[in-house]
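Peer 1: Pasted the sequence and its predicted model underneath.
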Amino acid sequence: MSLPPLLTNLQQTTSRLQLTDLLLDDGHGSLPTPPPEPLLAAREATVLLPMPVHPVAAEYARSRFGKVLVVGEDVDLDEGLKLADGILNRANALPADMLVRAQRLLAISVVGVGYDSIHIPTCIDRRISVLNCPGSNAHAVSELTIALTLALLRRVPEVDRRLRSGQLVRSIDVLGRSLRGKVVGIIGMGATARCTAEIFLHAFSCSIHIYSPTSPLTRWTTHDPSGALAHTRHDTLSAMLPHVDILTLHCPLTDATRRLISSRELDTMKPGSVLVNMSRGAVVDEKALYDALRSSETLMGAASDVFAFEPVGRDTVNGLLDLENFIATPHMSVYMH
Ligand SMILES: O=CC(=O)O
C-alpha cells in the first residue's frame with residue numbers, strides 16, 4: 001500500500017534515523033567519521049515527537065520504532081528529552097539547553113528540510129547526528145508558492161474581504177496583474193526552488209532568474225532528468241532584484257541569508273512587483289517589509305508562509321496582518337493530501 005503524500009517525508013525520515021552517517025556540514029565543522037554499524041537498531045529505539053502529528057503519521061512511526069513518545073500525549077517535554085534515543089523533529093526549536101538535557105540522544109531527523117531551529121554546535125559537541133530530507137516537500141511548497149503568487153497578482157483575499165464586509169466591488173476597481181511571461185526571481189537553488197522554477201517556466205512562460213548565496217551549484221544542470229530549465233543565474237542579489245516582477249524565497253536560514261531582504265533591497269524592486277517568502281521568516285526584515293507594503297511605491301503585495309516568530313499571530317508580525325496587500329499562511333506549505 002502506498003503511503004499518503006503527507007507521510008512521504010516521515011517515511012524518508014524514519015528510515016534515515018537508522019543510519020548514523022552525518023549529512024551535515026554547516027560551516028561549523030563536521031562530526032568525526034561515524035562508526036560503520038548503526039548505533040542503535042530502529043526497533044530498539046525510543047523516539048520522541050516534540051508535537052502531535054497526524055494520527056496516521058504517528059501510527060507509521062510506531063510501526064518503525066521500539067517506542068514512540070508524543071509530547072503532550074504520552075509525555076511532557078522534560079520527560080521525553082530524558083528518554084529519547086532519537087527525535088523526529090519538524091520545525092520545533094531544539095536549543096542548546098534542551099539538547100544537553102537529552103542525555104541518550106543519538107540522532108535528530110528533520111521531517112522536512114530546514115534545520116535552523118536545531119543548535120548544531122551542541123549536536124557536534126555531543127556527537128548527535130542531524131539528518132534532513134531534501135526535496136521531500138518540494139512539490140507541496142512550490143504549489144503553495146504559485147497559489148500565493150496568483151492570489152497576490154489578482155488581489156483575491158483583498159477582494160474577498162471587501163465583498164464580505166458588504167462593499168460593492170466592480171471588476172474595474174480591482175484590476176490585477178497577469179503572471180504570464182513575467183520575470184521571476186528565485187532565491188535558492190535547492191529542490192523546492194527548482195520545482196517552483198519549472199512551474200513558472202512551463203505553465204506560465206515566465207523567465208527565470210536565480211540568486212543563491214548558499215548553494216554550491218553554479219547553475220542548474222541541463223542534464224537533469226526533468227529536462228533543461230532555461231535560467232539566468234546572478235552573482236549578486238542587487239543585479240537581479242531590479243528586473244523581477246515576482247520574487248520568491250526558497251533558501252535556508254543561515255548567517256548568509258538572515259535579513260537578506262531588508263529596506264535597501266526592497267527599495268530597488270520594480271513598482272508593481274510581488275514577494276513570496278517560503279523560506280524562513282528571518283530571511284526578510286518584517287518591519288522593512290511592512291514599510292514597503294504601506295508605501296506601495298515598489299511592492300504591489302507580499303505573502304509569507306513563514307515568520308520570524310511562529311506560530312504566527314497578530315502580536316508577532318510587526319503589523320503585517322493589518323495590511324490589505326499582505327497574505328499570511330501558518331507555515332503550512334509542506335503538508336497536503
Ligand atoms: O519548512 C519546512 C521545511 O524546512 O521542511
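Peer 2: Noted; the coordinates are in hand.

Peer 1: gap between the two ends of stretch 43-55?
Peer 2: 20 Å (Cα to Cα, to the nearest Å).

Peer 1: With stretch 228-240 instead?
Peer 2: Length of stretch 228-240, first residue to last, Cα to Cα: 21 Å.

Peer 1: how far out from the middle of the chain is it?
Peer 2: Relative to its parent chain, stretch 228-240 has a centroid offset of 21 Å by Cα atoms, centre = their mean, to the nearest Å.

Peer 1: ok, now stretch 170-181?
Peer 2: Mean-position distance between stretch 170-181 and its chain equals 29 Å (Cα atoms, centre = their mean).

Peer 1: now swap in stretch 177-192 and tell me
Peer 2: Centre-to-centre, stretch 177-192 and its host chain are 16 Å apart (Cα atoms, centre = their mean).

Peer 1: cool, and stretch 41-52?
Peer 2: Centre to centre, stretch against its chain (Cα atoms, centre = their mean), the figure for stretch 41-52 is 24 Å.

Peer 1: ok, residues contacting stretch 314-333?
Peer 2: 91, 137, 140-141, 144-145, 148, 151-152, 155, 157-158, 161, 278, 286-287, 289-290, 293-294, 296, 299-312 (Cβ atoms under 8 Å, 6 or more residues apart in numbering). (Glycine included, C-beta is placed from N, CA and C.)

Peer 1: tell me, which of those make contact with the ligand?
Peer 2: 91, 137 (Cβ under 6 Å from any ligand atom).

Peer 1: Would you tell me which residues of the stretch 201-337 of the chain are close to the ligand?
Peer 2: Within reach of the ligand by Cβ under 6 Å from any ligand atom, the stretch 201-337 of the chain has these residues: Val334.

Peer 1: quick revisit: in ChimeraX, select just the buried ones from the contacts of stretch 314-333.
Peer 2: Buried subset of the contacts of stretch 314-333, written as a ChimeraX selection, criterion 16 or more other Cβ atoms under 10 Å:
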select :91,137,140,141,144,145,148,151,152,155,157,158,278,286,289,290,293,299,300,301,302,303,304,305,306,307,308,310,312
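
Peer 1: Just the contacts of stretch 314-333: which are in strands?
Peer 2: Under the assignment DSSP state E, the contacts of stretch 314-333 contribute 299-304 to strands.

Peer 1: so where do the helices sit in the stretch 151-300 of the chain?
Peer 2: For the stretch 151-300 of the chain, the helices defined by DSSP state H, counting those that start in this stretch occupy 156-164, 191-204, 237-240, 263-267, 286-295.

Peer 1: Check the ones you listed for me and report the most buried one.
Peer 2: Across the helices of the stretch 151-300 of the chain, averaging neighbours per residue (mean count of other Cβ atoms under 10 Å) puts helix 191-204 on top, at a mean of 20.

Peer 1: other SSEs contacting that helix?
Peer 2: On a contact count with 3 or more Cβ pairs under 8 Å, 6 or more residues apart in numbering; DSSP states H and E, helix 191-204 meets helix 138-153, strand 183-187, strand 207-211.

Peer 1: let's see it at 6 Å
Peer 2: Where contact means 3 or more Cβ pairs under 6 Å, 6 or more residues apart in numbering; DSSP states H and E, helix 191-204 is packed against helix 138-153, strand 183-187.

Peer 1: In the ones in strands among the contacts of stretch 314-333, find the pair that's most separated.
Peer 2: Farthest apart among those by Cβ to Cβ are Met300 and Ser304. That separation is 14.9 Å.

Peer 1: give me the number of residues near the residue of the stretch 101-250 of the chain found nearest the ligand?
Peer 2: Residue of the stretch 101-250 of the chain nearest the ligand, by Cβ to the nearest ligand atom: Gly112 (2.4 Å). Neighbour count for Gly112, taken as other Cβ atoms under 10 Å: 22.

Peer 1: That one: which element?
Peer 2: Here Gly112, judged by DSSP states H and E, is contained in no helix and no strand.

Peer 1: And it, how close does it get to Pro134?
Peer 2: Gly112 sits at a distance of 9 Å from Pro134 (criterion: Cβ to Cβ, to the nearest Å).

Peer 1: circling back to that earlier point, redo the ones in strands among the contacts of stretch 314-333 as JSON lines? Include pLDDT.
Peer 2: Below are these laid out as JSON lines (pLDDT from 0 to 100):
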{"residue": "Leu299", "pLDDT": "97"}
{"residue": "Met300", "pLDDT": "97"}
{"residue": "Gly301", "pLDDT": "98"}
{"residue": "Ala302", "pLDDT": "98"}
{"residue": "Ala303", "pLDDT": "98"}
{"residue": "Ser304", "pLDDT": "98"}
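
Peer 1: Relative to the ligand, which of these is nearest.
Peer 2: Top of the list for closeness to the ligand, among the ones in strands among the contacts of stretch 314-333 and by Cβ to the nearest ligand atom, is Ser304 at 12.1 Å.

Peer 1: which residues sit in contact with the closest one?
Peer 2: Contact partners of Ser304, counting by Cβ atoms under 6 Å, 6 or more residues apart in numbering, are Asn277.

Peer 1: Kindly report the same for Ser212.
Peer 2: Shown in contact with Ser212 (Cβ under 6 Å, 6+ apart): 188-189.

Peer 1: Who are the contact partners of His250?
Peer 2: Applying Cβ under 6 Å, 6+ apart to His250 gives the contacts 188, 192-193, 278-279.
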